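J.: Here's a sequence, model it:
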Amino acid sequence: PSVPLIFVGHSRGAKLSIKTAAAMKKAGRKVPCMVLFDPVDATQWESESVLPTLAKLGVPTAIVGAGADEGGCAPRGADYEAFYQTLEDSATPRMLAEVGRAGHMQFLDARKAMMLDPCTVGAVDDSSLRELALSVTTTWVSSLSPTVVARFPADEQEAVVREQARLSKQRFYGKVAGRATSANVMELLEGEDWGMEV
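T.: Numbering: from 1, shown residues only. Reported below is the predicted structural model:
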């Protein structure tokens, strides 16, 4: 009962994650954060909205939203934007990664094994989207709940550290793009904790 719980869900699985997180918090469990991949709320198949529960929950939440679907599988008003707006309105700590050229079902490991993909497929390839989703999850969880990461097996802890270093390097490259010269590159690298490795 003392182990913090982190919920990650895709589509209506995100909705289920929110309901379960609320039940666990009510039972006295710690829920330090959640990650939702292109969440879907009330639809014609399930009309109950989870957004009021999300607003009261107060759990820091990261969302990765797919924009290529244009409301087909994630209807407007019940899509990731509605979830993010709810978090913003309730002043819940939040992060949004919008992938405008990704489709709703592209988060799935075996999407190509589906006989029919009813959702719009985006221009982003599936593996790149899943890598982004993993990066967001790793960064969000490790920044908000280092005690949870400390309980991972050693090989998984190492994977988290590698992912954090990779993301740190990506941020650095983005920050210095167009500014680095042969004269100042060492100075720029020395400003990063991993810079001397280079």
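J.: Where does pLDDT dip in this structure?
T.: 1, 71, 111-117, 146-153, 164, 167-198 (pLDDT under 70).
J.: Do a quick rundown of the helices in it.
T.: According to DSSP state H, the chain carries its helices in the segments 12-26, 51-57, 80-89, 126-144, 146-150, 154-176, 185-190.
J.: burial count for the residue nearest to Ala74 when sequence neighbours are not counted?
T.: Nearest non-adjacent residue to Ala74, counting by CB to CB, 6 or more residues apart in numbering: Val40, 4.8 Å away. All C-beta atoms are positioned from the backbone trio N, CA, C, and that covers glycine. Using other CB atoms under 10 Å, Val40 is surrounded by 25 other residues.
J.: Make 475 the starting number, not 1.
T.: Understood, numbering begins at 475; the last thing we discussed is Val514.
J.: if we can go back for a sec, nearest to Gly546, out of the helices of the chain?
T.: Gly546 lies closest to helix 554-563 among the helices of the chain, at 13.7 Å (CB to CB).
J.: okay, the angle between the closest one and helix 486-500?
T.: Using axes from the mean of the first three to the mean of the last three CA atoms, to 10 degrees, the direction of helix 554-563 lies 30 degrees away from that of helix 486-500.
J.: who's in contact with Ala571?
T.: Residues in contact with Ala571 (CB atoms under 8 Å, 6 or more residues apart in numbering) are 536-539, 606, 610.
J.: Would you mark the buried spots in stretch 536-547?
T.: 536-543, 547 (16 or more other CB atoms under 10 Å).
J.: what's the closest of those to Glu555?
T.: Gly539 (6.8 Å).
J.: That closest one contacts Val573, doesn't it?
T.: Yes: using CB atoms under 8 Å, Gly539 is in contact with Val573, at 6.9 Å.
J.: quick one: Thr566 and Leu618, what's the gap?
T.: 12 Å (CB to CB, to the nearest Å).
J.: ugh, wrong one, I meant Val477
T.: From Val477 to Leu618 the distance is 15 Å (CB to CB).
J.: which of the two has more neighbours?
T.: Comparing Val477 with Leu618 by other CB under 10 Å, the one with more neighbours is Leu618, at 20 against 10.
J.: hang on, the more buried one packs against Pro534?
T.: Yes: the pair Leu618 / Pro534 is scored as a contact, 5.4 Å apart, by CB under 8 Å.
J.: shared neighbours of these two, anything?
T.: With CB under 8 Å, 6+ apart, Leu618 and Pro534 have common neighbours 506-507, 567.
J.: Just list the residues touching Tyr554, thanks.
T.: So, once contact is read as CB under 8 Å, 6+ apart, Tyr554 ends up touching 510, 512-513, 537-540, 548, 570, 572.
J.: Need the max-distance pair from the residues you listed.
T.: Maximum distance among the contacts of Tyr554 (CB to CB): 14.3 Å, for Ala548 and Leu570.
J.: Could you check which of those two has the larger neighbour count?
T.: Remark: of Ala548 and Leu570, Ala548 carries more neighbours, 27 against 17, as counted by other CB under 10 Å.
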